[in-house]
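Visitor: Test case, fold it:
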Amino acid sequence: MVRLRDLASVFLKIGALGFGGPFSLLAIMQREVVELRKWMTAEDFAQCVGIGTLTPGPIFFAAAVFIGYRLRKIRGAIVCAFSTLLPSFILVIAISALYVEIEADPAMAAALNGIAAGVVGLLASVVLQIAKSTVKGPWRGIFAGITFVALVYLNADPVVLIVGAGLAGAWLLRPTQPAQETRA
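Guide: Model (predicted):
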């Protein structure tokens with residue numbers, strides 16, 4: 001069983017080092033929780049991210065709370081929520097007065113542009129990892145492709161697409177044979 005202090009330590013680290021927005025946080029979270037600590041599988045992580053897209057607020061925060069809940073129920077969810085947000089809260093308070101001056105500095109503006117470009121690479125990494133663990137078989141690939149095209153080219157509502165993909169998955173990806181009962 002994962003200890004609460006281990007959850008706190010990892011999610012404080014994620015919150016403190018996760019610059020670049022929610023997708024960079026997801027990349028760090030995936031590396032820490034799946035690859036390094038093996039607290040859950042890539043499929044479980046993808047489910048947590050999926051649930052994070054369905055709930056209000058930032059995806060990374062909802063995913064962190066759900067990961068905490070999956071690993072240690074309510075206490076785990078609370079620890080992960082608090083630990084993920086605390087570093088950002090402290091940092092925002094500390095630098096908010098300096099923001100205007102930092103942004104006006106050409107060297108800092110260039111550094112921020114470089115960070116933004118690096119985040120694109122982190123985002124691509126998260127998308128690739130989630131795709132590897134979830135897009136298996138032709139129907140899942142079709143769902144992913146339709147969703148991508150609808151978002152990028154048709155400006156479709158993401159919530160409608162997610163709900164639609166869920167309904168289509170429930171219908172098209174359901175088991176074809178009923179589960180067999182096990183007798184003692």
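Visitor: What are the structural domain limits within this protein?
Guide: Here the domain parsing of the chain from automatic domain parsing is 4-134, 135-175.
Visitor: pLDDT averaged over the last one - what is it?
Guide: When pLDDT is averaged along domain 135-175, the result is 88.
Visitor: and it, how far out from the chain's middle?
Guide: 18 Å (CA atoms, centre = their mean, to the nearest Å).
Visitor: Also the first one?
Guide: Averaged C-alpha coordinates place domain 4-134 at 7 Å from its chain's average position (CA atoms, centre = their mean).
Visitor: First-to-last residue distance for it?
Guide: Its start and end residues considered, domain 4-134 measures 29 Å (CA to CA, to the nearest Å).
Visitor: Who are the packing partners of the helix or strand hosting N113?
Guide: Using DSSP states H and E, N113 maps to helix 106-134. Counting contacts by 3 or more CB pairs under 8 Å, 6 or more residues apart in numbering; DSSP states H and E, helix 106-134 is packed against helix 22-30, helix 42-54, helix 99-104. (C-beta placed from N, C-alpha, C; glycine too.)
Visitor: CA atoms only: put the last one into PDB for me.
Guide: Once non-C-alpha atoms are left out, helix 99-104 reads as follows in PDB (Å, rounded to 0.1, in the frame of the first residue of the first chain):
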ATOM      1  CA  TYR A  99       5.400  39.700 -12.900                       C
ATOM      2  CA  VAL A 100       5.100  43.000 -14.800                       C
ATOM      3  CA  GLU A 101       8.900  43.600 -14.400                       C
ATOM      4  CA  ILE A 102       9.800  40.000 -15.400                       C
ATOM      5  CA  GLU A 103       7.600  40.100 -18.500                       C
ATOM      6  CA  ALA A 104       9.100  43.400 -19.700                       C
END
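Visitor: Please name every helix or strand in contact with it.
Guide: helix 106-134.
Visitor: need the helix or strand of the chain with the lowest average pLDDT.
Guide: helix 99-104 (a mean of 72; mean pLDDT, DSSP states H and E).
Visitor: Not counting it itself, show me its contacts.
Guide: Residues outside helix 99-104 that contact it (CB atoms under 8 Å, 6 or more residues apart in numbering) are I95, M108, A109, L112.
Visitor: how about 7 Å then?
Guide: M108, A109 (CB atoms under 7 Å, 6 or more residues apart in numbering).
Visitor: Compile the domains of the chain into TSV and extend it with columns for mean neighbour count.
Guide: What follows is the domains of the chain, written out as TSV (neighbours: other CB atoms under 10 Å):
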stretch	mean neighbour count
domain 4-134	17
domain 135-175	12
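Visitor: and the gap between E32 and G15?
Guide: Noted for E32: a distance of 11 Å to G15, by CB to CB, to the nearest Å.
Visitor: pLDDT score for A97?
Guide: 69.
Visitor: Ok, G114 next?
Guide: Looking at G114, the pLDDT reads 88.
Visitor: Show me which helix runs longest in the protein.
Guide: helix 59-95 (DSSP state H).
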